[in-house]
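Participant: Structure, please.
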Amino acid sequence: MLRKIISLIVGIFKVIAFLIIVCVFFVTYFVLGLIKEAQKDVVDVKQIRKKIPVQSSEFFSLDGQKVAKLYVENRYWVPISSIPNSVKICLIASEDERFYIHRGVDFIAVVRSIIDIALNKQVTQGGSTITQQLARILFLSPELSIRRKIREAVLAVELEKSFSKQEIMEMYLNLVYFGEGAYGIEAASRVYFAKSVSQLNIPEAAMIIGLLPAPSVYSPYINYKMARKRQLYVLRRLLELKYISPLEYKKYVEYPIRLKRETLDQNNVLYPYYVNYVVQNFKKITDVDNEYLKTMGLRIYLNLDTRIQQDIQKIVKEEIDKNRKANNVNQAAVVVIENYTGRVLALVGGYEYRISDQFNRAYQAYRQPGSVFKIVVYTAALENGFSPNTVVYDRLYTYGSGTSSYSPVNWDGKYWGRMSLIDSFAFSRNTIAVYLSSQIGIDKVIETAKKMGVKSNLEPYLSTALGSSVLSVLEVATLTSVIANYGYIIQPQFVYKVEDRYGGIMFYHKEKYERVLPYQVAKDMRDLMKAVVDRGTGYNARIEGINCYGKTGTTSDHRDAWYSGFTDDFTCVVWVGNDDYSPLYNVYGATLPVEIWRKSILACYKYYKPQKSKPSFVKIDQQSAQQETKSIENNKIQQTTTNQNENNQNYQTEVTRNNNTQQQAQTTTTVDHNTFPWENTTE
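Facilitator: Residues are numbered from 1 along each chain as shown. Down below sits the predicted model:
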């Protein structure tokens, strides 16, 4: 009986052994088949060397601040030599303790993972080596299956054949996702501790590395207790593997973790009005493709001065807050350009940049400039024979006849009679601006505007002389800077250098100066704009000890108020108004815009010392200046004689016609309310 039982047991064991052998055979055959299939599909891993990983691009200000970053994946590639040992030992202890021993696959861990997957269990720690995880990041989907695990193993072996351990670790640490939008260890270090990876200590590195199994779940910003638990696990593994001593372990466990993000504003931009202008016009500014911004890890160096930008943003908010209710003012825009270099030091495009309001009024809003456009009109007149001392008449002029006649008027409906050109500009007399345009031709005025940097379409009508065509704040700043630079145009410069990820120069701004106005014309125009501040409508723009030049502007419907001016060092243009074109109450070019302008200029001098002399490019030799002046004066004498004869012949006719056309003149849509009661006097 016993023999039969033993024989039965032996038989059962034989059957079981046979079944096991058959199962092993078929499993081995199946696995070998999968391996063979995987080997057929394996990619040439050496091609990785030719791939350029996606990296974040960074923007830096003139004063050395990082002000923005753009990315598809928030990543900064750092070489393995820049990654501290604290990070490396945490990674090995947590993810792959035999990293420097195996050839890509830890077979014990692979078998354990396959069994776990087959039994529908979660994969335990060590299921994949660092090399296998890198293979998955580079070539595979995150699905859990035996087929994928085998492909992962095959690719890991190939990676180990083609790359050193150091190269594999470098790729892994720069490509793996750490949660909170951070790809790579450098981005993670900035997201969680606001510092570079080179500054991470062991407790901080343990916190970051501990996130790897499930970064979105373990993020300390989402679940600090879980993140802390993972950190302690990594520290414990360091102790077990003798990377740290028991004393160090106790010290690191008690180390206080202080989370801190990089100080970048919404959308990773600190000064969005300025930075977004550069982003949206990047190709035009640098001739570098816009797509590179989010993928190629560029370093863009801006001409932005964050100190001035911050001060002016604060000034704009404070002034609008003070005037919003009483004067119905809701928006403003300011542009500051450094004379002689063209560097745009600050650009404020509104009261406050918000996700719901990203409209940049400094360059996207096109508004009527009002009397600010007289800068162009008088410049064109000086180019065509007039001088600051030319005698003109402030009186009612009528152009055309019948229903198509046009009679510009002044704010007070009065006319000051005989006056010099410089006085007519200082007190912004509308009739004279239109008269000058009629004498030299509106086409020449438009031609001068184009030379001075205006790109917008200007209507070929006399009303354009009073600012009826629309311009952007940036355009007005450009044309004003031509006068500040003695007749040279320097296009506004936002970017001075762009580097690729390796430090190579992709773009470097070289200053280009082009003379578009004669020296004497620009010098005379400076005198006219100085008179505006010294005794005219811009009187409130005066700053003690600083030469100030400018022009006020207010549209006839009170929807726009401007001040465009400069000092010997800076050009600054201010616009205030409302997006819905509702009228301002008791706001003129010489009130709120001048106040913002004056404070903005003081903000500039808070950080910059005044220039003591003109730069070399505006220093023309005496002989050239004399020849230029002589030619201009000859034209002036001839033109002045013609003008005076014409004035004498027509003056009586215009005066007698005044009463008949007064009502018609009052209804014109091109009146420029740019003067004040204290100016409204007659001779």
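
Participant: Quick one: neighbours of the nearest residue to Asn586 once chain neighbours are set aside, just the number.
Facilitator: Of all residues not flanking Asn586 in the chain, Asn327 sits nearest, at 5.9 Å (Cβ to Cβ, 6 or more residues apart in numbering). (Each C-beta comes from the backbone N, C-alpha and C, glycine too.) The number of residues packed around Asn327, counting by other Cβ atoms under 10 Å, is 17.

Participant: Which element, helix or strand, includes Arg418?
Facilitator: strand 417-420 (DSSP states H and E).

Participant: need the contact list for the residue nearest to Asn586.
Facilitator: Contacts of Asn327 were listed using Cβ atoms under 8 Å, 6 or more residues apart in numbering, and they are 584-587, 592.

Participant: export these to CSV and tack on neighbour count?
Facilitator: Putting the contacts of Asn327 into CSV (neighbours: other Cβ atoms under 10 Å) gives the following:
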residue, neighbour count
Leu584, 23
Tyr585, 12
Asn586, 11
Val587, 21
Leu592, 23
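
Participant: dump the residue contacts of the residue nearest the centre of the chain.
Facilitator: Centroid-nearest residue in the chain, with Cα atoms, centre = their mean: Val275, separated by 0.7 Å. Residues counted as contacts of Val275 (Cβ under 8 Å, 6+ apart) are 59, 67-68, 269, 302, 304.

Participant: quick one: least confident of the residues you listed?
Facilitator: On pLDDT alone, Val269 ranks lowest of the contacts of Val275, at 86.

Participant: where does the protein have its least confident helix or strand?
Facilitator: Using mean pLDDT, DSSP states H and E, the weakest-scoring helix or strand in the chain turns out to be helix 622-666, at a mean of 42.

Participant: where does the stretch 451-600 of the chain have low pLDDT?
Facilitator: Within the stretch 451-600 of the chain, no range satisfies pLDDT under 70.

Participant: Strands along that one, start to end?
Facilitator: 488-489, 495-499, 505-508, 514-515, 549-554, 560-566, 570-577 (DSSP state E, counting those that start in this stretch).

Participant: Save those as CSV, and put in distance to Asp321 and mean neighbour count too.
Facilitator: Below are the strands of the stretch 451-600 of the chain laid out as CSV (distance: least, Cβ to Cβ, whole Å; neighbours: other Cβ atoms under 10 Å):
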stretch, distance to Asp321, mean neighbour count
strand 488-489, 36, 20
strand 495-499, 33, 19
strand 505-508, 39, 14
strand 514-515, 41, 14
strand 549-554, 21, 32
strand 560-566, 17, 30
strand 570-577, 13, 29
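
Participant: and of those strands, who's closest to Val234?
Facilitator: When those are compared by Cβ to Cβ, strand 495-499 sits nearest Val234, at 35.8 Å.

Participant: Alpha carbons of stretch 506-526, as PDB, please.
Facilitator: The C-alpha trace of stretch 506-526 is given here as PDB (Å, rounded to 0.1, in the frame of the first residue of the first chain):
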ATOM      1  CA  MET A 506      22.600  84.100 -33.000                       C
ATOM      2  CA  PHE A 507      21.900  87.800 -33.000                       C
ATOM      3  CA  TYR A 508      23.800  90.900 -31.800                       C
ATOM      4  CA  HIS A 509      22.400  94.300 -32.300                       C
ATOM      5  CA  LYS A 510      24.700  96.800 -34.100                       C
ATOM      6  CA  GLU A 511      23.500 100.300 -33.700                       C
ATOM      7  CA  LYS A 512      22.600 101.900 -37.000                       C
ATOM      8  CA  TYR A 513      22.200 105.600 -37.400                       C
ATOM      9  CA  GLU A 514      20.600 107.200 -40.400                       C
ATOM     10  CA  ARG A 515      20.400 111.000 -40.900                       C
ATOM     11  CA  VAL A 516      16.900 111.800 -42.100                       C
ATOM     12  CA  LEU A 517      16.800 115.500 -41.200                       C
ATOM     13  CA  PRO A 518      19.300 118.200 -41.700                       C
ATOM     14  CA  TYR A 519      21.200 119.100 -38.500                       C
ATOM     15  CA  GLN A 520      19.900 122.600 -38.400                       C
ATOM     16  CA  VAL A 521      16.300 121.600 -38.900                       C
ATOM     17  CA  ALA A 522      16.500 119.200 -36.000                       C
ATOM     18  CA  LYS A 523      18.300 121.800 -33.900                       C
ATOM     19  CA  ASP A 524      15.600 124.400 -34.600                       C
ATOM     20  CA  MET A 525      12.900 121.900 -33.800                       C
ATOM     21  CA  ARG A 526      14.600 121.200 -30.500                       C
END
